[in-house]
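*Asks:* need a structure here:
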Amino acid sequence: MTTKSLITICLLMGLSGCENLQFPGQQQQQQLMSNQASMTQDQLMLLENQRRLAGRMENLEMELARISREMDSLRGQLDTRCAAIERKSEADKREMVTRLSGELDKLIKQTAATAKAAPAPAAAPASNRGIEHVVQPGETLYIICKAYGVSAKTVIDLNKIQDPGNIAVGRKLFIPQ
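*Replies:* Numbers count the residues shown, from 1 in each chain. Modelled structure (predicted):
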């Protein structure tokens, strides 16, 4: 009975699924398969991450190209508008200079005609009360008269000005009060 019992015990242990009774090659093969399955999952996850990142990068490159095109378009529009404004400004300046020159010529001719047509007044009693003004660069007879509140004709007559449009800088004018 001892032999029979011993055989029964061995059979039960062998059939119980104890790992110690597996062959060493089977154990390594199972571990290798487990490692391969784990590596395959990691590789699949890495591959999926790589695909996602490549897609995001492609989207960013497309967005950058779109923004670059939009910036180029806006630069072109800005250049066009700046050029148009500059042309308009130059045209306005030319028109204003032409208009003011015409008005100034007209006033000079009127003043000269009035001075020639009017007989020279007899020496009017000159008022001794007044100010002496020295003509500064950029001043005109009109500006000077307006500043002192006197008529241009009075200043022209008192100072015997021949050409009211051309008063020399540094000239002393008597301005009555």
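*Asks:* Please, which helix or strand holds residue 128?
*Replies:* Element membership of residue 128 [criterion: DSSP states H and E] is none; it lies in no helix or strand.
*Asks:* do the same with residue 87
*Replies:* Residue 87 is part of helix 24-117 when elements are defined by DSSP H and E.
*Asks:* domain ranges for this protein?
*Replies:* What automatic domain parsing lists as the domains of the chain is 36-118, 128-177.
*Asks:* what secondary structure does residue 163 sit in?
*Replies:* Secondary structure, DSSP: H, G, I helix; E, B strand; the rest coil: residue 163 is coil.
*Asks:* how much space between the residue nearest to it when sequence neighbours are not counted and residue 89?
*Replies:* Counting by Cβ to Cβ, 6 or more residues apart in numbering, the nearest residue to residue 163 once its immediate chain neighbours are dropped is residue 112, at 7.4 Å. Every residue, glycine included, has its C-beta placed from N, CA and C. If you measure residue 112 against residue 89 using Cβ to Cβ, to the nearest Å, the figure is 34 Å.
*Asks:* quick one: which of these two has more around it?
*Replies:* residue 112 (14 against 10; other Cβ atoms under 10 Å).
*Asks:* Which secondary structure state does residue 167 sit in?
*Replies:* Applying three-state DSSP to residue 167 yields a three-state assignment of coil.
*Asks:* do you know how far it is from residue 114?
*Replies:* For residue 167, the distance to residue 114 (Cβ to Cβ) stands at 17 Å.
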